[in-house]
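1. Give me a model of this one.
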Amino acid sequence: MKNTIRRCVVSAAALSMLVLAGCSGAQESEPAAAPELTGPPIVVGTVCGCSGVSAPTHGRVDDVAQAWADSVNASGGINGHPVKIVVKDIGQEPSKALAAVKSLVEEEGAVAIVGPITGTTGSWRQYVEEKGIPVVGGVPSDGTFLVSDDFYIAGSPNPVITYGLVKLAKEEGTSKFGVVYCSESPVCADSDALAAKSATDLGLDYLSVKAAATAPNYTAVCQTMKNEGVDGIFLAHIASVDVRIAEDCHKIGYKPQFYTSAGTLGNEFVQSSATDGVLFTQSNAPYFDPSVPAVGEAHEILDSHYDDLTESEQFSAVAFDQWIAGKLFEAAAEQAQLTSDSTGADVARGLRELDGETLDGLAPPLTYSGTSRIYPTCYYVGEVRDGELKARNEGQTVCLDETDLQSELFVSAG
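-> This is a model prediction of the structure:
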């Protein structure tokens, strides 16, 4: 078995986003003007929890989405057509999600849902499957990507990065692994189940506790973990809550090794001494490291549209997932030669023709092939150190080995 597992999703490729200026002789030429976009738009939609309890981590997702669309149009659009992205902010409320997606498809004419950054996909999965509307990228840890052929994952899924995180904890000397996960989203419960299974397979003791974002403090959570002898804690809430948990643990003199994953990582982690030393795994290339060429290009474009967006507290791995989803849609559009008359089936066809693409280095190799889906089993590792997010392994992937892939966690998934 190679570094992929059957029965899930993968995809992508990427288009350049900058129009390069040329030089002739000793004279500098003006940057080439983007071709005039005269055709009707290709409409896509997305759903986010940009407000509400997720705002500290998800609050700039709409800006990232718009910056992506603007950059595509500035460089010639998609096959001569402008792209229009419509963002529906549901505030992380599942009761609003289905209506928002229906509006995108039936009123706005969206041919794809691109980069939904929300934990509500289960509430509208059946609808997009019935309508034949592909879901292109989003949060790779969302379990819906592993069970629906209409959801196209753009990164290593939750089983991989969670198992990788517990494996990292074992390598770091953790003997009892704890998880504090959010009570607001089903995705968080998935993280608990996966971490528990991973800990069992890797021979670590395990304890989990739910926590609400609205809790006044997390002293009781910390005390429980301390009393039970937990020496490593996976912070599986939104970034702002994770930081508060770490700070409350430090206040009672409890300083375990903290871990987290990209889905909960944000710039707030670098602003507290309590989270210094946090180790994390992530699905895609380090969103915080502009030395990775594709990441650096994205940072430049995002900051040119919104001043210092990439330095804001609300710029996070999940916000960058929106950018990656946009690049995945571009790749599919190029492959399928989309126009404004194209349908969701055309978008899906373009996705299924992608093979081993990395979106210019934004993701591990992604492949969609008809009825046989695979997903990557490689991931990235980083740490919070001295007030900075830093990539480990020089930003290169770490891959699960053959022994890891014999885990029941992956056998049952694939």
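2. C-alpha from now on. contacts and neighbour counts both.
-> Will do.
3. Strands of the stretch 301-414 of the chain, start to end?
-> Under the criterion DSSP state E, counting those that start in this stretch, strands of the stretch 301-414 of the chain are mapped to 368-369, 372-376, 378-385, 388-391, 398-399.
4. need those in JSON lines with mean pLDDT and distance to Arg244, can you?
-> Listed next are the strands of the stretch 301-414 of the chain as JSON lines, based on pLDDT from 0 to 100; distance: least, Cα to Cα, whole Å:
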{"stretch": "strand 368-369", "mean pLDDT": "84", "distance to Arg244": "40"}
{"stretch": "strand 372-376", "mean pLDDT": "72", "distance to Arg244": "33"}
{"stretch": "strand 378-385", "mean pLDDT": "93", "distance to Arg244": "16"}
{"stretch": "strand 388-391", "mean pLDDT": "90", "distance to Arg244": "18"}
{"stretch": "strand 398-399", "mean pLDDT": "92", "distance to Arg244": "29"}
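5. May I see the ones you listed organised as JSON lines, with distance to Thr57 and mean neighbour count added?
-> Shown next, in JSON lines, are those (distance: least, Cα to Cα, whole Å; neighbours: other Cα atoms under 10 Å):
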{"stretch": "strand 368-369", "distance to Thr57": "29", "mean neighbour count": "22"}
{"stretch": "strand 372-376", "distance to Thr57": "25", "mean neighbour count": "23"}
{"stretch": "strand 378-385", "distance to Thr57": "17", "mean neighbour count": "23"}
{"stretch": "strand 388-391", "distance to Thr57": "16", "mean neighbour count": "20"}
{"stretch": "strand 398-399", "distance to Thr57": "26", "mean neighbour count": "16"}
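6. Now do the end-to-end distance for stretch 296-315.
-> End-to-end distance of stretch 296-315: 14 Å, with Cα to Cα, to the nearest Å as the criterion.
7. Can you point out the buried residues in it?
-> 298-299, 301-302, 305, 309-310, 313-315 (16 or more other Cα atoms under 10 Å).
8. Of all the strands of the stretch 301-414 of the chain, which one is nearest Ala196?
-> Nearest of the strands of the stretch 301-414 of the chain to Ala196, taken as Cα to Cα: strand 378-385 at 19.4 Å.
9. So what touches stretch 376-392?
-> Stretch 376-392 has contacts (Cα atoms under 8 Å, 6 or more residues apart in numbering) with 3-5, 10, 155-157, 160-161, 164, 267, 269-272, 275-286, 288-289, 364-366, 393, 395-400.
10. about what we covered before: looking at the strands of the stretch 301-414 of the chain, which is closest to Val243?
-> strand 378-385 (12.0 Å).
11. thinking again about what came up before, can you redo the strands of the stretch 301-414 of the chain as CSV with distance to Ala199?
-> Converted to CSV, these look like this (distance: least, Cα to Cα, whole Å):
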stretch, distance to Ala199
strand 368-369, 30
strand 372-376, 21
strand 378-385, 18
strand 388-391, 24
strand 398-399, 18
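12. so which of these comes closest to Ser175?
-> strand 378-385 (19.7 Å).
13. in its sheet, what does the closest one sit against?
-> Strand 378-385 pairs in its sheet with strand 279-282 (antiparallel), strand 388-391 (antiparallel), strand 398-399 (antiparallel), by DSSP bridges.
14. Got the confidence number for Ser29?
-> What the model reports as pLDDT for Ser29 is 38.
15. For the strands paired with strand 378-385, give me a markdown table that also has distance to Ile85.
-> Output for these, formatted as a markdown table (distance: least, Cα to Cα, whole Å):
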| stretch | distance to Ile85 |
| --- | --- |
| strand 279-282 | 26 |
| strand 388-391 | 30 |
| strand 398-399 | 34 |
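16. out of the strands of the stretch 301-414 of the chain, which comes closest to Val61?
-> Closest approach to Val61 among the strands of the stretch 301-414 of the chain is made by strand 388-391 (19.9 Å; Cα to Cα).
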